[in-house]
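From the sequence below, what's the structure:
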Amino acid sequence: MPLNTSTSTPEATCSRATGINWGLWISVGITALVLVWFFCFEVRFGPGHSHSTLGWLRSTWTPVTDYEHGKLVPFVIFGLIGYRFKDLLKSVQPGSMWGLAFIFLGCLFYLAAYRTYQPRVAAGGLPFIVWGTALYLWGWQVAKILAFPVFFIWIAIPLPSFQQATTHLQLLATSFAHHGSNLLGVETYTKGTMVLPVEGDWNPLSIAHGCSGIRSLMALLMISSAWAYMAKFALWKKTVLFLSAIPLAIIGNALRIISIFLIAEHGDYTWASTTWHDWSGLLLFYPFSMFLLLVIHSLLEGGLPWKSGNRRKVRRVSVQSSPSRDSDSTNPEPSP
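I've put the predicted structure just below:
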């Protein structure tokens, strides 16, 4: 019988298994270059059609649009991907042709935006192209992990006529500040969005557009959504944690405004309306809101998040029983 003279060796098999898939990475590189060109260099949008899609998006992250939190969104996206990077490497599978459908959908978004000069539509279609590419190249498991980080960019796309929503928040903040100050001994009355002292000698304070809390609300929604994504509990609990940012932002902003009134009444009006007004968000609103988010997370988790792993381990150990003891108690040996 002739011997099997195969030319493959263990070294050759190992090199094929661990070798670089150049075709795959060339495809990724070409896709990245196309996206960079159309979304970063193709000038079509904004005043005088002088901005690219991402250039226009970056120009909108200003106090005028109340989307200052958008500057942090790219860092949050890369942080979320890095948080699940090991899971991504373990989840690589053969790609799915369904990815081409999502890529095509994202391209339709861009074509519609190009024809109508609507940069929001182009920016909204970018996640479909990126996510569809991941699905086409690496399969459903990778796409599932990347879905939230990739579409997280939507929270940084300014909505049209968004500032109109601040009117209701201004009135709500005015009412909360007025009643809260009265409860704490600072008698006030309101005229529209202005809060005036009954007996104090400080000047009227106006709950302006910037004090409505809309910027704090958007920033806290960004934080709570990323927090909920990383939390290790059921989907309904993640939803509760995310939506809790809305009442927390309203309450925290009201507390910040009340603190300004208290300092103006019992301290220095000028310092309260300038220095403390500018720094109270960082020194009061965010610590207060983040602490309450931690409290809500702990209630949903059943304890502090960083102790959940030890708590589960103790539970598993406590329910274990010894099979030998059970057998000895149920089948005692007969006495001689």
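
so where is the stretch 151-300 of the chain shaky, pLDDT-wise?
Scanning the stretch 151-300 of the chain with the threshold set as pLDDT under 70 gives 161-165, 200, 208-212.

Next: the stretch 1-150 of the chain.
1-20.

can you give me the helices in it?
10-18, 22-36, 53-59, 73-83, 85-90, 98-116, 119-138, 140-151 (DSSP state H, counting those that start in this stretch).

Residue 182: which of these is closest?
For the helices of the stretch 1-150 of the chain, distance to residue 182 was read as CB to CB. The smallest value, 38.9 Å, belongs to helix 73-83. Yep, even glycine has a C-beta here, placed from its N, CA and C like the rest.

Select, out of the helices of the stretch 1-150 of the chain, the one closest to residue 294.
helix 73-83 (18.2 Å).

List of residues touching that closest one?
Counting by CB atoms under 8 Å, 6 or more residues apart in numbering, helix 73-83 makes contact with 88, 146, 148-150, 152-153, 155-156, 222, 226, 229-230, all of which sit outside it.

Turn the residues you listed into a markdown table, columns for distance to residue 96.
Output for these, formatted as a markdown table (distance: CB to CB, whole Å):
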| residue | distance to residue 96 |
| --- | --- |
| 88 | 16 |
| 146 | 13 |
| 148 | 19 |
| 149 | 19 |
| 150 | 16 |
| 152 | 22 |
| 153 | 22 |
| 155 | 27 |
| 156 | 28 |
| 222 | 30 |
| 226 | 27 |
| 229 | 23 |
| 230 | 26 |
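
Give the buried subset of the residues you listed as a ChimeraX selection command.
Per 16 or more other CB atoms under 10 Å, the buried members of these correspond to this ChimeraX selection:
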select :88,146,148,149,150,152,153,155,156,222,226,229
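
with the contacts of helix 73-83 in mind, which one is nearest to residue 199?
Closest to residue 199, out of all of these and judged by CB to CB, is residue 222, at 41.0 Å.

wait, doesn't residue 65 sit right on residue 159?
No: with contact defined as CB atoms under 8 Å, residue 65 does not reach residue 159; the gap is 9.3 Å.

between those two, which one's more packed in?
residue 65 (16 against 11; other CB atoms under 10 Å).

Next, count neighbours for the nearest residue to that one once chain neighbours are set aside.
The shortest distance from residue 65 to any non-neighbouring residue, by CB to CB, 6 or more residues apart in numbering, is to residue 158 (4.9 Å). Taking other CB under 10 Å as the criterion, the count of residues near residue 158 is 21.

before we move on, what about the one 10 residues further on?
Around residue 168 sit 11 other residues, with neighbours defined as other CB under 10 Å.

Could you do residue 51 as well?
For residue 51, using other CB under 10 Å, the count is 18.

so how far is residue 101 from it?
29 Å (CB to CB, to the nearest Å).

Could you pull out the buried residues of stretch 110-117?
By 16+ other CB under 10 Å, the buried positions in stretch 110-117 come out as 110, 113-114.

circling back: pipe the helices of the stretch 1-150 of the chain into a markdown table and attach distance to residue 291 per row.
Formatted as a markdown table, those follow (distance: least, CB to CB, whole Å):
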| stretch | distance to residue 291 |
| --- | --- |
| helix 10-18 | 48 |
| helix 22-36 | 40 |
| helix 53-59 | 32 |
| helix 73-83 | 20 |
| helix 85-90 | 29 |
| helix 98-116 | 40 |
| helix 119-138 | 32 |
| helix 140-151 | 25 |
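
Let me know which of those is tucked in deepest.
helix 119-138 (a mean of 22; mean count of other CB atoms under 10 Å).

Tell me which other helices or strands that helix touches.
Counting contacts by 3 or more CB pairs under 8 Å, 6 or more residues apart in numbering; DSSP states H and E, helix 119-138 packs against helix 22-36, helix 53-59, helix 98-116, helix 140-151.

Can you lay out these as a markdown table showing distance to residue 129?
What follows is the helices and strands packed on helix 119-138, written out as a markdown table (distance: least, CB to CB, whole Å):
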| stretch | distance to residue 129 |
| --- | --- |
| helix 22-36 | 7 |
| helix 53-59 | 12 |
| helix 98-116 | 3 |
| helix 140-151 | 10 |
